[in-house]
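> what's the 3D shape of this:
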Amino acid sequence: MTLKLLALPILILIGIITSYQDFKYNKIFNHWILLGFIWGVFIHILLLFTLYIPENACLTSPSYTKQVVFNFMSAISIGFLLWKYNFWAAGDAKLFAIFAFLLPLSFYSNSYFPIFPSFALLINIFFIFITITFFKAVVFIFKKHKSKKIKYLDIKIKLKNIFLKKIKHFKLILFLFLFFNTLKIILKQFFLLNINYGLVSILYLVIIFLLKKYILKIFKKTNTTALLFSSIFFLFFYSLIFDIFLVIQIIQKTILLCFYFFIILTPIEQMLTFYLKLEEKNKKKKYYFASWLFSGLILTIISKGSILNLIFNAFK
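Okay, here's the model as predicted:
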C-alpha cells in the first residue's frame, strides 16, 4: 500500500465535504480538521514502524517524516499570518495546514521548496482565486458599464492614475530585480550554487509584490536613481572583466520580472482592488474559500508543483 493510496482518498473526501459545508453553512467544521490530523499522524507513525521510504522524497532530507513536520509547522505559521492579516478565515487556515500535512511530498516534485514544500500549494490556491476573481471583475465591470451604473471613463481614469503612480516606483523595483538577478548569477558562477531560477524568482516576486508598501517606505528617502545607475555601472564593468553574455542574461531576466510585475500583476491588482471594494459595499464579501483551497489542492496534484513555476520555466 503506497503513501498516495493512504493519503489521497481522505484528502479528496475532506476537500469535497468542507467545500460543500462552507458554501451551505458558511463554516468549516473542526471535526473534519481533526479527522485529517489524526489520519495524518496515523500514516506517518505507520511509515516509521514499517520503515517505508516514500517515492520521490526529498533526497537531501535526512528523514521524510522530519521534512513533513517542518512543512506542517510552516503551513500552520503561514496560515496563521494570513488569518491575522485578514486574507482568509481561521477555518481556512486550519484546512490549509491539514492539506499540507496530508499531501505526500512527491506531489511537489516539479517545484520543491525546502522547509516549506506546500508553498507551491499556497501559490496554486491564490493563483486560482485571483484568476477567477479577475475574470469575474472584468464581467462585472462590463455589465455595470453596459447598464451605465459605472462610467467606463471614471474607471479608466482611476486605473490610469493608479498605474502612473506605480510607474513612479519603477526605478526602485527595477533596481531590486536587477540586484536579485545579478546576485543569482554571481552565486552560481563563483560559489557554484545551482539555484532553481523559477522557484527563487517566484518567491522573490511574491515577496516584493506583497511587501512593496513597506519597501517603498524604507527606500522613501533613498536616491533610487543613484542606486539604479550604480548597478548599471557595476554590470558594465562586470561585462568588461568577465562575461558580457552573463550580463545580457541578467538584463533579460530583469526585463522579464519587470514585465510580470508592472504589465501583469499591477493591473490585475488594481482591477481586483476596485472590484472587491464594490463587492464589499454591496455586502458580498464571502468567497467560500474552502472551495479555492480544494481547487488549489487538485491543481497541485495534477501539476506536481506550482503552476507559476511551470510558467516561469516555460519563459526562462
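
> which stretches of the stretch 101-250 of the chain form helices?
With DSSP state H, counting those that start in this stretch applied, the stretch 101-250 of the chain shows helices at 119-146, 152-167, 170-190, 197-210, 212-218, 224-241, 244-258, listed in chain order.

> Which parts of the first one count as buried, going by neighbours?
Within helix 119-146, the residues that count as buried by 16 or more other Cβ atoms under 10 Å are 119-129, 133-134, 137, 140-141. Glycine gets a C-beta too; all of them are placed from N, C-alpha and C.

> Check the fifth one too.
By neighbour count, and taking 16+ other Cβ under 10 Å as the criterion, the buried residues in helix 212-218 are 212, 215.

> Check the third one too.
Buried residues in helix 170-190, defined by neighbour count with 16+ other Cβ under 10 Å: 171-182, 184-185.

> wouldn't Phe80 be in contact with Phe96 here?
No - applying Cβ atoms under 8 Å, one finds Phe80 not in contact with Phe96, separated by 10.2 Å.

> Pull up the overlap in contacts between those two.
Common contacts of Phe80 and Phe96 (Cβ atoms under 8 Å, 6 or more residues apart in numbering): none found.

> The two: which is more packed in?
Phe96 (26 against 14; other Cβ atoms under 10 Å).

> From Gly305, how far off is that one?
Shown here: Phe96 relative to Gly305, a distance of 17 Å by Cβ to Cβ, to the nearest Å.

> and if you look at Phe261?
22 Å.

> if we can go back for a sec, of the buried residues of helix 119-146, closest to Asn110?
Ala120 (8.1 Å; Cβ to Cβ).

> Excluding chain neighbours, give the residue nearest to that closest one in space.
The shortest distance from Ala120 to any non-neighbouring residue, by Cβ to Cβ, 6 or more residues apart in numbering, is to Ser306 (3.9 Å).

> unless I'm mixing things up, the one you found is touching Ile125, no?
No - with contacts counted by Cβ under 8 Å, Ser306 stays clear of Ile125, the gap being 10.6 Å.

> rounded to a whole number, what's the mean pLDDT of stretch 84-103?
The average pLDDT within stretch 84-103 is 91.

> And the contacts of it?
Residues outside stretch 84-103 that contact it (Cβ under 8 Å, 6+ apart) are 7, 10-11, 14-15, 18, 22, 27-28, 30, 32-33, 36-37, 39-40, 43, 68, 71-72, 74-76, 78-80, 82-83, 118, 121-122, 125, 289-290, 293, 297, 300-301.

> what do you get for stretch 206-213?
Contacts for stretch 206-213 (Cβ under 8 Å, 6+ apart): 123, 169, 173, 176-177, 215, 261, 265, 269.

> Can you give me the buried ones in it?
206, 208, 212.

> still on that earlier bit, could you measure the residue nearest to Ala120 against Asn110, distance?
Distance check for Ser306 against Asn110: by Cβ to Cβ, it reads 8 Å.

> now Lys94
Relative to Asn110, and taking Cβ to Cβ, Lys94 is found at 27 Å.

> between these two, which one's more packed in?
Lys94 (23 against 17).

> quick revisit: what's around the residue nearest to Ala120, how many residues?
Count around Ser306 with other Cβ under 10 Å applied: 27.

> measure it to Lys217 for me?
Applying Cβ to Cβ, the value for Ser306 to Lys217 is 29 Å.

> Identify the farthest-apart pair in the contacts of stretch 206-213.
Ile123 and His169 (24.0 Å).

> Would you mark the buried spots in stretch 234-249?
Of the residues in stretch 234-249, 235, 238, 246-247 count as buried by neighbour count, 16+ other Cβ under 10 Å.

> Turn those residues into CSV, columns for distance to Leu47 and pLDDT.
Formatted as CSV, the buried residues of stretch 234-249 follow (distance: Cβ to Cβ, whole Å; pLDDT from 0 to 100):
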residue, distance to Leu47, pLDDT
Leu235, 49, 77
Tyr238, 49, 72
Leu246, 45, 73
Val247, 48, 76
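
> Out of the residues you listed, which two are the most distant from each other?
That would be Leu235 and Leu246, which, of the buried residues of stretch 234-249, are the farthest apart (Cβ to Cβ) at 9.2 Å.
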